[in-house]
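Compute the structure for the input listed below.
(one chain, ligands or ions: 1)
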Amino acid sequence: MRVTLVRGDITEQDADAVVNAANSSLLGGGGVDGAIHRRGGPAILRECRELRASRYGGGLPTGQAVATTAGDLPARWVIHTVGPVHSSTEDRSDLLASCYRESLRVADELGAAVVAFPAVSAGVYGWPVGDAARIAVETVRATATKVTDVRFVLFNEEAYTAFERALGTGENGR
Ligand code: ADP
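Next up is the predicted model:
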């Protein structure tokens, strides 16, 4: 698996699947979620509502992932995953790792080879970006998957630098 870093906007990624840092309602929110629904158009929300009605009446649990169309985005699919809110009293690392594992599992089911991830939970959900980056990189590297390319799409310089450190190369590479 090739792991690369991009500084940019996940809605512009030409990947097979882009991952959304969703909330459990699946009905949209701010940050990445807002951008994906805004740029992807109403088809995504339509499928999310169907998922709520059929499989996730109580919402998508934290750490799980589910796919919809990518609507008008350049990608084929959006994989929605719900990151844990950061806690200073409880270690929720495994739930964050689960977001990456489950997203890769869903990507395998779809046959998606190139998958773009944002820094799940590193925004409104409050994770220190260094920890979020380390968990993200360690988890994708440790997961057995048919995905050939994982691309982390970082929205700002701080996140980009944190992921560079986590990759351990100090440069964009493996
Ligand atoms: P969460 O609620 O899981 O913390 P957020 O969307 O608030 O999710 O933030 C997750 C990360 O995504 C943050 O680092 C934020 O800066 C970044 N981000 C926000 N918008 C975009 C975007 N359009 N593309 C890529 N990353 C984004």
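
State the mean pLDDT of stretch 80-97.
In this model, stretch 80-97 carries a mean pLDDT of 98.

Then stretch 1-17?
Stretch 1-17 carries an average pLDDT of 97.

which parts of that stretch are buried?
For stretch 1-17, the neighbour count (16 or more other C-beta atoms under 10 Å) marks 1, 3-6, 10-11, 13, 15-17 as buried. C-beta coordinates here come from the backbone N, C-alpha and C atoms, glycine included.

quick one: low-confidence ranges for this protein?
Under the criterion pLDDT under 70, the flagged ranges of the chain are 169-174.

what does it have sitting close to the ligand?
Remark: the part of the chain in contact with the ligand comprises 9-11, 21, 31-33, 35, 83, 118-125, 153, 155-156, 159, using C-beta under 6 Å from any ligand atom.

What spatial separation is found between residue 134 and the ligand?
14 Å (C-beta to the nearest ligand atom, to the nearest Å).

which SS state does that residue fall under?
What DSSP: H, G, I helix; E, B strand; the rest coil gives for residue 134 is helix.

so who does the residue lying closest to it once chain neighbours are set aside touch?
Leaving out its chain neighbours, the residue that sits closest to residue 134 by C-beta to C-beta, 6 or more residues apart in numbering is residue 166, at 4.7 Å. Counting by C-beta atoms under 8 Å, 6 or more residues apart in numbering, residue 166 touches 130, 133-134, 136-138.

Kindly tell me how buried the closest residue to residue 135 other than its chain neighbours is, as a neighbour count.
The shortest distance from residue 135 to any non-neighbouring residue, by C-beta to C-beta, 6+ apart, is to residue 96 (5.0 Å). Neighbourhood size, residue 96 [other C-beta atoms under 10 Å]: 24.

right, and the helix or strand after the helix or strand containing residue 96?
According to DSSP states H and E, residue 96 maps onto helix 93-110. The C-terminal neighbour of helix 93-110 among helices and strands, as given by DSSP H and E, is strand 114-117.

So which other helices or strands are in contact with that next one?
Applying 3 or more C-beta pairs under 8 Å, 6 or more residues apart in numbering; DSSP states H and E, we find strand 114-117 packed against strand 17-22, helix 93-110, strand 149-154.

For this protein, just list every one of the strands.
For the chain, the strands defined by DSSP state E occupy 2-7, 17-22, 65-69, 77-82, 114-117, 149-154.

What separation do you get for the closest residue to residue 102 other than its chain neighbours and residue 160?
Distances taken as C-beta to C-beta, 6+ apart put residue 65 closest to residue 102, at 4.0 Å, once the chain neighbours are dropped. Separation of residue 65 from residue 160 (C-beta to C-beta, to the nearest Å): 24 Å.
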